[in-house]
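[1] Show me how the following folds:
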Amino acid sequence: MEGRRLALSNLEKVLYPATGFTKGEVLHYYATVADALLPHLRDRPLSFLRYPDGPDGQVFFAKNVPPGTPEWVTTAEVPRSEGPARMVLVQDLATLVWAANLVTEFHTPQWVIQEPGQADRLVFDLDPGAPAAVAECCEVALWLRERLAADGIEAYAKTSGAKGLHLLAAVRGASSERATAYAKELAVEAERAMPRLVVHRMTRSLRPGKVFVDWSQNAARKTTATPYTLRARAEPTVSAPLMWEEVEEVTEFRGPERLVLRAPDVASRVHDHGDLLAPLLDADRAAPLP
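    From the prediction side, this is the model:
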């Protein structure tokens, strides 16, 4: 593959018992969506959330370059408060398939390796506390979209691949600290505007029946599930881009099941629509924070 020799293992192994989805199908999915996924991984240090025996087995998080990493895989030294770490950069299809063969969720920061700690994306993780669910997340997402638009920032939505939603926007000229502070300001505003629906604090006791607007993933040390990554859930769900019409339909018709997108669904969507998050990659569309 791209002149690289890859040893792929256990392709028949069932990783998602609920659907019989195998490791071979995981690799096929990533190869199918690679053109859309790779630009969102490129130049971003990769954090691995690995689940080699499926989501019911051992799940562990790693940031450092894994043992046995091929010498042709691009790595970079990343500054961290506890000392620099060497991390993987997924720059090409061969590296993507190698990483996928480790059975990995892809998690990346809101900055690129050329400018560590300089935000080029803004993210909100909308996490519902039962009995609130994704329909309530959609209501909050629509409010945040309008609030961001008032500051000249265009937001895009994707499923988390779990139970909530992510909002993303391309930004420029701000440190991760400033992006975090701005995101918190908007989360607080959202709670004031919708006090029965929104909470901006992580405290578990405050969250039942509300949507936690997690602003903290803008911190330089934090990472978020990369667009198009599979998740370690019961089924092969994906953190997949959405059209705003889909978000609006859920709030209007209460059909949240339509926002559960699995690997075969997402591969078809990419074929039909391309990358719905492509505008995030356009530097000319990045907005300054107020």
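
[2] Return the residues in contact with the nearest residue to Thr69 once chain neighbours are set aside.
    Spatial nearest neighbour of Thr69, chain neighbours left out: Val88 (6.8 Å); criterion: Cβ to Cβ, 6 or more residues apart in numbering. Glycine gets a C-beta too; all of them are placed from N, C-alpha and C. Remark: with contacts taken as Cβ atoms under 8 Å, 6 or more residues apart in numbering, Val88 is in contact with Pro45, Leu46, Phe48, Val65, Pro66, Thr69, Val73, Thr74, Thr75, Thr95, Ala99.

[3] where does the third one land in three-state SS?
    Okay, so that is Phe48. Using DSSP: H, G, I helix; E, B strand; the rest coil, the structure places Phe48 in strand.

[4] Mind listing the residues bridging to it?
    Applying DSSP bridges to Phe48 gives these bridge partners: Ala62, Phe106.

[5] give the contact list for it.
    Phe61, Ala62, Lys63, Pro66, Val88, Ala99, Leu102, Thr104, Glu105, Phe106, His107.

[6] rewinding a little: torsion angles phi and psi at the residue nearest to Thr69?
    Reported as degrees, to the nearest 10, the phi and psi values for Val88 are phi -80, psi 140.

[7] buried ones in the helix or strand encompassing Asp127?
    Using DSSP states H and E, Asp127 falls within strand 118-128. Judged by neighbour count (16 or more other Cβ atoms under 10 Å), strand 118-128 contains these buried residues: Gln118, Ala119, Asp120, Arg121, Leu122, Val123, Phe124, Asp125, Leu126, Asp127, Pro128.

[8] In TSV, list these along with distance to Leu165 and pLDDT.
    Below are the buried residues of strand 118-128 laid out as TSV (distance: Cβ to Cβ, whole Å; pLDDT from 0 to 100):
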residue	distance to Leu165	pLDDT
Gln118	26	97
Ala119	20	98
Asp120	21	97
Arg121	16	98
Leu122	14	98
Val123	11	98
Phe124	8	98
Asp125	8	98
Leu126	5	98
Asp127	9	96
Pro128	9	95
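
[9] Can you list phi and psi of the residue nearest the centre of the chain for me?
    For the chain, the residue nearest the mean C-alpha position is Ala225 (2.7 Å; Cα atoms, centre = their mean). With angles defined as degrees, to the nearest 10, Ala225 sits at phi -50, psi 120.
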